[in-house]
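Engineer: how does the following fold in three dimensions:
(one chain, ligands or ions: 1)
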Amino acid sequence: MIKSTVGRRKFLGIAASGLAWLTSPRSRVRGANDRVRIGLIGAGARGQELLDQVLTLTNVECVAIADVYKRRHDEIRQRVPSVSAVDDHRRLLDRKDLDAVLVASPLHIHARHFVDTLAAGKDLYCEKTMTWSIEEAEECLAAAKGSDRVVTVGLQHQSSGALADAKQWLKDGLAGKITQVEAWMSRNTPHGKGQWVRAVPPDCTATNVSWDLFLNGQPRRPFDPYKLINWRLFWEFSGGNVTENMVHQIAWIMRALDLPLPTAACMSGGVFSEKDGREVPDTIAVTLDFPNDLVVTWHSTFSNKHYGIGERLLGSDGTIERLMGSTDMVTGVAETGIHYYPEKVNRPDGAALKGQTADQNHMANFIDCVRTRKQPNASVEIGYRSAVAAHMANWAYRQKQRVTLEMAKSAATRG
Ligand SMILES: NC(=O)c1ccc[n+]([C@@H]2O[C@H](COP(=O)([O-])OP(=O)(O)OC[C@H]3O[C@@H](n4cnc5c(N)ncnc54)[C@H](O)[C@@H]3O)[C@@H](O)[C@H]2O)c1
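Structural biologist: As a prediction, the model looks like this:
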């Protein structure tokens with residue numbers, strides 16, 4: 001159970017009564033150029049990318065960061081010399097001058113940072129996957145629904161032009177009945193170097209890291225710099241490639257097809273590419289069942305990147321294919337973009353189409369919503385649904401059995 005560890009602001013109680021807009025200064029619609037002050041929790045690789053993105057926008061200022069590792073304070077000060085840097089995110093959330101918080105901490109702490117940010121009355125951009133577990137996903141969804149804050153999730157494919165194209169083609173009925181979706185994601189690394197493995201910097205020592213804050217309630221143990229830097233490889237802190245990458249694609253598919261939660265999940269695979277001590281599998285085959293006659297599969301490998309990333313929505317009247325760096329089997333040319341191909345058997349006169357809609361800037365969309373109080377492209381609901389789908393798959397893998405939604409939810413409730 002994630003309980004807020006910061007003091008609740010008075011107006012959150014008012015928010016629950018639906019009167020927040022009368023009294024909360026931060027709920028007011030603001031001008032397009034009004035200054036937005038942001039804080040960043042978790043200033044590692046992704047946090048620094050998010051910071052770069054947000055600082056390109058007009059009238060946005062980063063005033064504070066929280067990171068348990070001192071090195072990150074120095075790295076951010078090189079970009080923003082005036083920034084206030086603390087170890088404990090609660091000290092950042094105490095600040096009255098923050099409008100919004102970007103969370104890019106490791107997965108096992110997302111829910112803590114999510115709930116505390118809303119309780120402190122700040123708008124929130126939380127990196128994907130929204131949470132580490134189904135139980136936390138339920139709690140974060142409830143926290144967002146009980147708050148008047150703007151909440152978005154770092155599922156940037158939700159801002160892609162390809163999503164708008166796919167939705168339009170589906171609305172126009174061009175694909176007919178879709179019974180199967182196949183999706184894949186593939187990478188490769190030089191022999192002996194496992195995907196995601198990062199070198200531990202020499203300054204990553206117990207003195208420079210608030211290890212207990214990183215553990216966030218996990219069983220205490222001596223400082224382990226390898227796990228701090230390579231948290232992605234271990235179940236305690238991560239959900240592996242399903243929460244790192246499948247979540248982007250399943251969220252995209254769920255939005256394109258307006259899918260509810262899966263009814264069941266299977267997942268097989270293992271640590272096959274580099275046996276480097278990691279726990280999370282590098283080779284994965286997921287099957288997700290959805291209501292109304294639909295099966296979605298997602299395959300992933302870290303030993304071959306020939307086919308890049310993609311999704312194919314297979315319908316009786318046509319196919320919608322989105323490719324990101326897949327190599328054409330015949331021509332060897334790498335493809336990117338979204339296309340529609342008619343099934344001649346049911347649409348003899350149908351023509352192939354190429355998506356034309358431009359991508360939106362996902363971060364700009366969030367900042368715009370902070371000012372306008374509109375709903376961002378990646379809502380908390382899609383953050384929730386994609387997180388539950390990912391955790392069902394991982395749970396099936398770890399239980400070595402097919403898992404239904406009911407089984408997954410009741411296991412989550414039991415903890
Ligand atoms: N949307 C995307 O495309 C995308 C891409 C990469 C990463 N991500 C996500 O971003 C998140 C971070 O990934 P990363 O690669 O930047 O990891 P990282 O390890 O490089 O950075 C995480 C940072 O959080 C800090 N940290 C750890 N515990 C903390 C705590 N309790 N309070 C404050 N800071 C804490 C660490 O010291 C580190 O600097 C993950 O959830 C990941 O899935 C998203």
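
Engineer: ok, and the closest non-adjacent residue to residue 216?
Structural biologist: In space, and not counting its chain neighbours, residue 216 is closest to residue 109: 4.8 Å by CB to CB, 6 or more residues apart in numbering. C-beta coordinates here come from the backbone N, C-alpha and C atoms, glycine included.

Engineer: what about the one you found, which SS state?
Structural biologist: Residue 109 falls in the helix class when you classify it by DSSP: H, G, I helix; E, B strand; the rest coil.

Engineer: so it versus residue 233, what's the distance?
Structural biologist: Residue 109 sits 16 Å away from residue 233, going by CB to CB, to the nearest Å.

Engineer: same question for residue 267.
Structural biologist: 18 Å.

Engineer: got it, and residue 116?
Structural biologist: Counting by CB to CB, the gap from residue 116 to residue 233 is 26 Å.

Engineer: below-threshold pLDDT in the stretch 251-400 of the chain: ranges please.
Structural biologist: Within the stretch 251-400 of the chain, the stretches with pLDDT under 70 are 329.

Engineer: torsion angles phi and psi at residue 213?
Structural biologist: Backbone torsions of residue 213, given as degrees, to the nearest 10, read phi -70, psi -40.

Engineer: and it, how many neighbours?
Structural biologist: Other residues near residue 213 come to 18 when the count uses other CB atoms under 10 Å.

Engineer: check contacts around it.
Structural biologist: For residue 213, the contacting residues are 68, 87, 88, 89, by CB atoms under 8 Å, 6 or more residues apart in numbering.

Engineer: I'd like to know how many residues surround the first one.
Structural biologist: I take that to be residue 68. That count, for residue 68 with other CB under 10 Å as the rule, works out to 25.

Engineer: same question, the second one
Structural biologist: Other residues lying near residue 87 total 18 when counted by other CB under 10 Å.

Engineer: now it: closest residue in space, sequence neighbours ignored.
Structural biologist: Using CB to CB, 6+ apart and skipping the chain neighbours, the partner closest in space to residue 87 is residue 210 (4.4 Å).

Engineer: run through the residues that contact the one you found.
Structural biologist: Neighbouring residues of residue 210 by CB under 8 Å, 6+ apart: 68, 87, 88.

Engineer: out of the contacts of residue 213, which comes closest to residue 303?
Structural biologist: Nearest to residue 303 among these: residue 68, at 33.1 Å, using CB to CB.

Engineer: can you check the pLDDT for the closest one?
Structural biologist: pLDDT for residue 68: 98.

Engineer: I'd assumed residue 87 was in contact with it.
Structural biologist: Yes: using CB atoms under 8 Å, residue 68 is in contact with residue 87, at 5.4 Å.

Engineer: quick revisit: and the ligand, which of the contacts of residue 210 reach it?
Structural biologist: Among the contacts of residue 210, the residues within reach of the ligand (CB under 6 Å from any ligand atom) are residue 68.

Engineer: quick one: the contacts of residue 210 as CSV, columns for secondary structure too.
Structural biologist: Shown next, in CSV, are the contacts of residue 210 (three-state DSSP):
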residue, secondary structure
68, coil
87, coil
88, coil
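
Engineer: out of the contacts of residue 210, who's nearest residue 159?
Structural biologist: Among the contacts of residue 210, residue 68 lies closest to residue 159 (CB to CB), at 29.9 Å.

Engineer: against the ligand, how distant is the nearest residue to the closest one once chain neighbours are set aside?
Structural biologist: Nearest residue to residue 68, sequence neighbours excluded (CB to CB, 6+ apart): residue 210, at 4.2 Å. Going from residue 210 to the ligand by CB to the nearest ligand atom, to the nearest Å gives 7 Å.

Engineer: show me the contacts for the closest residue to the ligand within the stretch 301-415 of the chain.
Structural biologist: Closest contact between the stretch 301-415 of the chain and the ligand, by CB to the nearest ligand atom, is at residue 362 (8.5 Å). With contact set as CB under 8 Å, 6+ apart, residue 362 has these partners: 154, 156, 158, 159, 377, 378.

Engineer: perfect, I'm done here.
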